[in-house]
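1. With the input below, show me the fold.
(chains A and B)
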Amino acid sequence: MLKQIEGSQAVAQAVALCRPEVICAYPISPQTHIVEALGKTVKEGSLSPCEFINVESEFAAMSVAIGASAAGARAYTATASQGLLFMAEAVYNASGLGLPIVMTVANRAIGAPINIWNDHSDALSQRDSGWLQLFAENNQEAVDLHIQAFRLGEELSMPVMVCMDGFILTHAFERVDIPTQEQVDAYLPSFEPRQVLDPAEPVTIGAMVGPEAFMEVRYLAHARQLQALERIPQLATEFRDVFGRDSCGLAHTYCADDAETMIVAMGSVLGTIKDVVDEMRADGHRIGVLGITSYRPFPLAQVRAALVHCKRFLVLEKSLAVGLGGILATDVRMAVSGSGLRGFTAIAGLGGRPITKASLHQLFRQAEQETLEPVSFLDLDRDAVNKQLERERQTRRSGPIAENMLHDKGIVSAGQFG
Amino acid sequence: MRGNEMFQVRIHGRGGQGVVTAAEMLSVAAFGEGHHAQAFPSFGSERTGAPVVAFCRIDHKTIRLREPIMEPDALIIQDPTLLHQVNVFAGFRHDGYVLINTGRTLAELGLDELLKDCRADHLCTVPATEIGLKHLGRPIPNIALLGGFAAITGLIKLESVIAAINGRFSGKVAEGNIAAATEAYQTVMAEKQAATEGAKNA
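-> Down below sits the predicted model:
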């Protein structure tokens, strides 16, 4: 049913349609609306049987999800930013134990400086945790990815993160087709765990594994991610058969057929990028887009196939490997290694800095002309940076950086408009 | 809507005035008429009394754009004290619409020079806080202003605003909001008509 609905509410409804049996969460912006809505749904009795468990921290949230999943329950949680970092140890445990928990990450920057706005630093910090990581471009895809995530995760016995841009998607009202219970039931069978804590057939889960077997267990996690590379497109096809729309998959191209310049990105910024590409196409530019939905597993072959016919590519990412440059860009470069393609990286939108069409027009033209630095920073205020660097040269006790920057920019409170 | 162009609305107000709710309900009203719509807040400092901005885009096709609205086709200003604090007119073009919550005139607000190139029938003031007090018993201007927006732009019908109110509220709150939106709609329609006739007679 088509609804004009907030992204968080849409995701909460989609998760409820997947019939989770345990939902545990600790509130943190911008994820809070999702679990609030689910808590209400459980309390009203419209999602049953399901236990909603308030926990005292994100570490507890993931630990409860692990316990629930090990006991054979379909388990769901959601978090963001510092919350994801706080649960990091348990995040690795969930994947290491092969427990198919689904978790929404409402992508948000990581402090310090504290910042509640969107970028991809949180999810990408867990890229090697063994979780599958899927990125939504809009709220329809966020809904569809959650439904596919339960199916994919449970088939493979691996946990899945569905990443959606905090605020930009979680707090946006837009048109979303919410599926029916019959559609979701037809697509998503009940959870058949590969391992279960059952008093009737006692087992232990989580043995200590020494050097004689650890590599093999770890390799099996890798093997399951490689299986996911095959299953994700198949599940997207099956999804289309039931729900009547193309959604998800590994990666998608847009205007790529004759493109000389390709823009690579993940998440909601793809929408803005496509609008800019349409405008540039109208002016005769041969430019296209590659949107990556599955970041883990990373679809090396699909990325290579999508880029190998262009002349150059630009990876635009909302994340920064401090001391290196791009994170997504590193993987993209690996995909095209040996092809001789020129590749550029643009770091953009950190901490919620708006990514505007005007800035992208300029950036994409520089990419076409190959006048960009290998790693550039979109709309970085160089004067502000230089002022602080000069201050540090002049004075040993130059003071706290974040406070200096706010003072230099004349900002009284974060997020002020105008 | 102007031809096939996307129509962009920026709402300025203060935390507690229902700025975000107004943008969301405007998007619901537009959706109810078959349009695509996208509403989102400026995210963050939504403390009571702090300046807050929310946005709404309306289009005939899927809206993919995610940047903040920098060149609004319409401005709804829920709190006139912001005029001296925030550059609410940033990116505003002279053919756009302005709706301000105030009992005073544009001249009394000192805006006639700034807006002298705008179309008179695109500029309106409406005492939405008083209308809210009258019908809801609370100084909440947001829903009344949506009625005013329907009147000044003609982009959506008052009935669609009422449907959005009924979708969000029930009982006395819904009734009060419908009465507030309707009164503001009628006030703005009368002002608009006077401005149009004034332009004809000039």
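2. what sits against A:Gln148?
-> Applying C-beta atoms under 8 Å, 6 or more residues apart in numbering or on different chains to A:Gln148 gives the contacts A:134, A:232, A:235-236, A:239, A:247-248. (Glycine included, C-beta is placed from N, CA and C.)
3. go again using 10 Å as the cut-off
-> With contacts defined as C-beta atoms under 10 Å, 6 or more residues apart in numbering or on different chains, the neighbours of A:Gln148 are A:18, A:102, A:134, A:141, A:160, A:162, A:187-188, A:231-232, A:235-236, A:238-239, A:243, A:247-249, A:293.
4. what do you get for A:Ile34?
-> Under the criterion of C-beta under 10 Å, 6+ apart, the neighbours of A:Ile34 are A:6-15, A:23, A:25, A:27, A:76-80, A:104, A:106, A:142, A:146, A:164, A:170.
5. same thing with A:Gln133?
-> A:105, A:120, A:123-124, A:126-127, A:160-163, A:266, A:293-298.
6. Out of those, name the ones that lie in helices.
-> The subset of the contacts of A:Gln133 located in helices under the criterion DSSP state H comprises A:123-124.
7. at contact distance from chain A, anything in stretch B:15-26?
-> Yes - under the criterion of C-beta under 10 Å from any C-beta of the partner chain, chain A is reached by stretch B:15-26 at B:20, B:23-26.
8. Next, format those as CSV and append neighbour count, secondary structure and pLDDT.
-> What follows is these, written out as CSV (neighbours: other C-beta atoms under 10 Å in any protein chain shown; DSSP: H, G, I helix; E, B strand; the rest coil; pLDDT from 0 to 100):
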residue, neighbour count, secondary structure, pLDDT
B:Val20, 24, helix, 95
B:Ala23, 28, helix, 98
B:Glu24, 25, helix, 97
B:Met25, 28, helix, 98
B:Leu26, 32, helix, 98
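9. what's the closest of these to chain A?
-> Each of the residues of stretch B:15-26 next to chain A was checked against chain A using C-beta to the nearest C-beta; the closest is B:Glu24, at 4.8 Å.
10. I'd like to know how many residues surround the closest residue to chain B within the stretch 151-300 of chain A.
-> Closest approach between the stretch 151-300 of chain A and chain B, counting by C-beta to the nearest C-beta: A:Gly271, at 3.2 Å. By the other C-beta atoms under 10 Å in any protein chain shown criterion, the neighbourhood of A:Gly271 contains 22 residues.
11. can you tell me which residues contact the most centrally placed residue in chain B?
-> Nearest residue to the geometric centre of chain B (C-alpha atoms, centre = their mean): B:Ile76, 3.6 Å. Residues in contact with B:Ile76, defined by C-beta under 10 Å, 6+ apart, are B:9-13, B:19, B:22-23, B:26, B:54, B:56, B:88, B:97-101, B:128, B:141-142, B:145-146, B:148-149, B:152.
12. Same question for A:Ser339.
-> Neighbour list for A:Ser339: A:304, A:307-310, A:333 [criterion: C-beta under 10 Å, 6+ apart].
13. hmm, back to that, of the contacts of A:Gln148, buried ones?
-> Listed as buried from those are A:18, A:102, A:134, A:141, A:160, A:162, A:187-188, A:231-232, A:235-236, A:239, A:243, A:247-249, A:293; burial here means 16 or more other C-beta atoms under 10 Å in any protein chain shown.
14. before we move on, back to that, so which of the contacts of A:Ile34 sit within helices?
-> Short answer: the contacts of A:Ile34 in helices (DSSP H) are A:7-15, A:142, A:146.
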